[in-house]
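Colleague: Sequence first, predicted model second:
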Amino acid sequence: GENVEQHPSTLSVQEGDSAVIKCTYSDSASNYFPWYKQELGKRPQLIIDIRSNVGEKKDQRIAVTLNKTAKHFSLHITETQPEDSAVYFCLGDTGGFKTIFGAGTRLFVKA
Amino acid sequence: NAGVTQTPKFQVLKTGQSMTLQCAQDMNHEYMSWYRQDPGMGLRLIHYSVGAGITDQGEVPNGYNVSRSTTEDFPLRLLSAAPSQTSVYFCASSPYGGFSSGNTIYFGEGSWLTVV
């Protein structure tokens, strides 16, 4: 079955710097790669996603890139702001109905 | 639309007690699921359902039961609460085809459960 590994587990950056979080997946048949953000005490929410036929997708300060050969996809946040502080999760595409979340990355943005 | 609604938001149980976490969605989603999130941890799938009358186990199903008699409702039952079940529980739903079809997963606000 699909397995996802997410790194790093914790990331601390200075406000205005960039942050990159990476997820590695095992199933080469995977075709959908989303990222969810969970603020403290809140529910996870989708922030960006990408399909396997696209290499990169941007939405203002966030972007997701996909490297199918190496089987990893990454979340990029530029010009980080304090409100970006949260836990970010990737999801693995199991090809079925079971959702496999990455372990999560806790991002701290220091003002 | 209210989206995904969970009740109760907070609950304290004694070891051995049983209870039901309620979950309802008004988006006519076929796929519903329950996750638990322990402090500082990720989301682990407990049970899921791909439609009324159909349920299946996730990663951590032991100690929990579910049923899906209607499209809207997906309650989670704790049979005999244990301290290890202290966690935050999230209910979620997604349109037909579930996650792998590229559908967004919509989460409820969470239920904070403490077992003493």
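Modeller: Thanks, I have the structure now. Residues are numbered from 1 along each chain as shown, chains lettered A, B, ... in the order given.
Colleague: Chain B: strands as residue ranges?
Modeller: Assigned by DSSP state E, the strands in chain B fall at B:4-7, B:10-13, B:19-25, B:31-37, B:43-51, B:54-57, B:64-66, B:76-78, B:87-94, B:106-107, B:111-115.
Colleague: ok, and what's touching the fifth one?
Modeller: If I follow you right, that is strand B:43-51. A:44, A:89, A:97-101, B:30-37, B:55-61, B:64-66, B:68, B:71, B:74, B:76, B:89-90, B:98 (C-beta atoms under 8 Å, 6 or more residues apart in numbering or on different chains). In this view, the C-beta of every residue, glycine as well, is placed from N, C-alpha and C.
Colleague: I'd like to know which of the strands of chain B is closest to residue A:54.
Modeller: For the strands of chain B, the distance to residue A:54 is smallest for strand B:87-94, at 21.0 Å, taking C-beta to C-beta.
Colleague: Does the closest one reach chain A?
Modeller: Yes: Strand B:87-94 lies within reach of chain A by C-beta under 8 Å from any C-beta of the partner chain, at residue B:90.
Colleague: residues of that strand that come out buried?
Modeller: Across strand B:87-94, burial judged by 16 or more other C-beta atoms under 10 Å in any protein chain shown covers B:87-94.
Colleague: and of the residues you listed, the nearest to residue A:25?
Modeller: Residue A:25 lies nearest to residue B:94 out of the buried residues of strand B:87-94, by C-beta to C-beta, at 19.3 Å.
Colleague: Touching, the closest one and residue B:106? I think so.
Modeller: Yes: the criterion here is C-beta atoms under 8 Å, and residue B:94 meets it with residue B:106 at 6.8 Å.
Colleague: any common contacting residues for the two?
Modeller: Residues touching both residue B:94 and residue B:106 by C-beta under 8 Å, 6+ apart: residue B:29.
Colleague: who in chain B is up against chain A?
Modeller: Applying C-beta under 8 Å from any C-beta, one finds that chain B approaches chain A through B:31, B:33, B:35, B:40-45, B:48, B:50, B:56, B:58-59, B:90, B:98-102, B:104-105, B:107-110.
Colleague: Would you mind checking those residues for buried ones?
Modeller: Among the residues of chain B next to chain A, those buried by neighbour count (16+ other C-beta under 10 Å) are B:31, B:33, B:35, B:42-45, B:48, B:50, B:58, B:90, B:98-100, B:102, B:105, B:107-108, B:110.
Colleague: thinking again about what came up before, to residue A:56, which of the strands of chain B lies closest?
Modeller: Checking the strands of chain B against residue A:56 by C-beta to C-beta gives strand B:87-94 as the closest, at 24.8 Å.
Colleague: What average pLDDT does that closest one get?
Modeller: What strand B:87-94 shows for mean pLDDT is 96.
Colleague: by contact count, what packs against the least confident helix or strand in chain A by mean pLDDT?
Modeller: The weakest-scoring helix or strand in chain A, judged by mean pLDDT, DSSP states H and E, is strand A:99-101 (a mean of 85). Counting contacts by 3 or more C-beta pairs under 8 Å, 6 or more residues apart in numbering or on different chains; DSSP states H and E, strand A:99-101 packs against strand A:86-93, strand B:43-51.
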